[in-house]
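Engineer: sequence and predicted structure are below.
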Amino acid sequence: MYQSKILIAILGAILLGSGWVNTAAAADYAEDRALIEDLMARYLFALDFRDPKTYAETFTENGILDYGRGEVKGRQAIHGLIDGMKKTAEEAAAKDTSGLRPAAGRHNVSNMVIKVEGDKATARAYWFHHGNENPERSSSVTSYGHYVDELEKVNGQWLFSKRKIYNEQVDEWAAPKGNPSW
């Protein structure tokens, strides 16, 4: 009888212990996922508001952005790309004599699939761009596609080590056939 009680106590401890481990792992994954989703949102706010510093800071120091026209490597080069976009947008706005509010675009991200393995992660997500870059300044979906991401956790912060952007509106930038979510 005494041995049965000990065996039951040991089994109970094992079951409780494994539940604790699973609960802790689930909590870690939930926190990592929330941080990665936040990164994706900050990336798009920085892009839409042409903030090159914040945009570049969503990448690792040697991060790679592959957006269809080729790869941009390193934070400094990524910063330069967005700074160039900002200047182009400012020049276009300065030439606009329509009297309408400035043309703008906003990106949305959805359908995120994220795999976390320690301090590395991979992710896939859809993106959509809503813009009013037309004579009436009416909003419409102007482009869409998906991201294929490699991420690293650096000093407790998730960053893109590589982001590949597929754009289904541009033949050369369109994704290959098949389900991108593994």
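Structural biologist: Done, it's in.
Engineer: would you map the strands across the chain?
Structural biologist: Assigned by DSSP state E, the strands in the chain fall at 59-66, 71-73, 105-117, 120-131, 140-154, 157-167.
Engineer: any chance of these in TSV, with mean pLDDT too?
Structural biologist: Shown next, in TSV, are those (pLDDT from 0 to 100):
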stretch	mean pLDDT
strand 59-66	99
strand 71-73	98
strand 105-117	96
strand 120-131	97
strand 140-154	97
strand 157-167	98
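Engineer: and residue 6, which of those strands is closest to it?
Structural biologist: Shortest separation from residue 6 across the strands of the chain is recorded for strand 105-117, at 37.8 Å, computed as Cβ to Cβ. Every C-beta, even on glycine, is put in place using the N, C-alpha and C of the backbone.
Engineer: the closest one pairs with which strands, and in what direction?
Structural biologist: Here strand 105-117 has these sheet partners by DSSP bridges: strand 120-131 (antiparallel).
Engineer: what lies in contact with the partner strand?
Structural biologist: 32, 36, 40, 44, 103-115, 139-153, 158, 165, 180-182 (Cβ atoms under 8 Å, 6 or more residues apart in numbering).
Engineer: cutoff 6 Å now
Structural biologist: Strand 120-131 is contacted from outside by 105-115, 139, 141-152, 180-181, using Cβ atoms under 6 Å, 6 or more residues apart in numbering.
Engineer: give me phi/psi at the nearest residue to residue 137 once chain neighbours are set aside?
Structural biologist: Excluding its sequence neighbours, the residue lying closest to residue 137 (Cβ to Cβ, 6 or more residues apart in numbering) is residue 100, at 4.8 Å. Backbone torsions of residue 100, given as degrees, to the nearest 10, read phi -90, psi 160.
Engineer: who's in contact with the residue nearest to the spatial centre of the chain?
Structural biologist: What sits nearest the mean C-alpha location of the chain, by Cα atoms, centre = their mean, is residue 40, with 3.2 Å. Contact partners of residue 40, counting by Cβ under 6 Å, 6+ apart, are residue 109.
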